[in-house]
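> Generate a structure from the sequence data that follows.
(chains A and B)
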Amino acid sequence: GAGVSQSPRYKVAKRGQDVALRCDPISGHVSLFWYQQALGQGPEFLTYFQNEAQLDKSGLPSDRFFAERPEGSVSTLKIQRTQQEDSAVYLCASSPTGGDQPQHFGDGTRLSIL
Amino acid sequence: GNSVTQMEGPVTLSEEAFLTINCTYTATGYPSLFWYVQYPGEGLQLLLKATKADDKGSNKGFEATYRKETTSFHLEKGSVQVSDSAVYFCALFSGSARQLTFGSGTQLTVLP
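The predicted structure follows:
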């Protein structure tokens, strides 16, 4: 597609459930990023892929968070045993290479944990 | 570490007023600087960028100049429109960290 596509747009889950969020980057983009945006705040970095390699996962808040990009295109962010504090918008971004080229963002997945 | 400090909002202006949203940063090395805009219910869109000192980024009437001496990247527009109502985020990209660091955002409302 023309832009970064994320699904689902909205996800409601009960505390303790596992969730999976999908990101389909712009075709051919090497770099893929995940960010977490709490209400009224700026996005915060979670993790970064270059092709299929996860080069930085320093922003993942706990070992309940796991991300993968097995074939170097689509990525999935998985959150296990969700907690209420996981409620946020999860943004995915891609860029052509790993440098300072602008990142193109998807519309995000709004996750609500009840 | 890297950080971005933005002018707190919300900011409310009348149409055709002059806009300034202040942004200062702390970073190692020589970061690239960005302004992103987020319209209600949408993702972030790149508004403008500057990659080195004294560069001026501009787009849709918005401008920002990379000031290394004051570590600032203030966003300006001479005459705002109702359609400019959105949340504006200042961000930096540091090559060593390979991630964007965002400010907390400034909500702008423009009244007709």
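> from here on, contacts and neighbour counts on C-alpha atoms
Noted.
> Could you report the neighbour count for the residue nearest to residue A:29 when sequence neighbours are not counted?
In this structure, residue A:29 finds its nearest non-sequential neighbour in residue A:96, 4.2 Å apart by C-alpha to C-alpha, 6 or more residues apart in numbering or on different chains. Residue A:96 has 18 neighbours, counted by other C-alpha atoms under 10 Å in any protein chain shown.
> Nearest residue to residue 23 in space, please, no chain neighbours.
The chain I'm using is chain A. Excluding its sequence neighbours, the residue lying closest to residue A:23 (C-alpha to C-alpha, 6+ apart) is residue A:6, at 4.6 Å.
> that answer is for a different chain, and I need it for chain B
Closest residue in space to residue B:23, ignoring its immediate chain neighbours: residue B:6 at 4.5 Å, by C-alpha to C-alpha, 6+ apart.
> which residue sits closest to whichever residue of chain B sits closest to chain A, ignoring its sequence neighbours?
Going by C-alpha to the nearest C-alpha, chain A is nearest to residue B:43 of chain B, at 3.8 Å. Among residues not flanking residue B:43 along the chain, residue A:107 sits closest, at 3.8 Å (C-alpha to C-alpha, 6+ apart).
> Quick check: residues of chain B near chain A?
With C-alpha under 8 Å from any C-alpha of the partner chain as the criterion, chain B meets chain A at residues B:32, B:41-46, B:89, B:93-95, B:98-105.
> Quick one: buried ones out of the residues you listed?
B:32, B:43-46, B:89, B:93-95, B:98-105 (16 or more other C-alpha atoms under 10 Å in any protein chain shown).
> Out of these, which sit inside strands?
The strands, defined by DSSP state E, take in B:32, B:44-46, B:89, B:93-94, B:99-102 from these.
> and of the residues you listed, the nearest to residue A:72?
Nearest to residue A:72 among these is residue B:99, at 18.2 Å by C-alpha to C-alpha.
> and the closest one, how far is that from residue A:33?
Going from residue B:99 to residue A:33 by C-alpha to C-alpha, to the nearest Å gives 8 Å.
> my guess is the residue nearest to residue B:23 meets residue B:22, correct?
Yes. Here residue B:6 lies in contact with residue B:22, judged by C-alpha atoms under 8 Å, at a distance of 5.8 Å.
> Check the spacing between the closest residue to residue B:85 other than its chain neighbours and residue B:40 real quick.
Leaving aside its sequence neighbours, residue B:85 sits nearest to residue B:109 (C-alpha to C-alpha, 6+ apart; 4.6 Å). Between residue B:109 and residue B:40 the computed distance is 12 Å (C-alpha to C-alpha).
> Tell me who's in contact with the residue nearest to residue A:29.
Residues near residue A:96 by C-alpha atoms under 8 Å, 6 or more residues apart in numbering or on different chains: A:28-31.
> quick one: secondary structure of residue A:40?
Under DSSP: H, G, I helix; E, B strand; the rest coil, the three-state class of residue A:40 is coil.
> what about it, how many neighbours?
Neighbours of residue A:40 (other C-alpha under 10 Å): 11.
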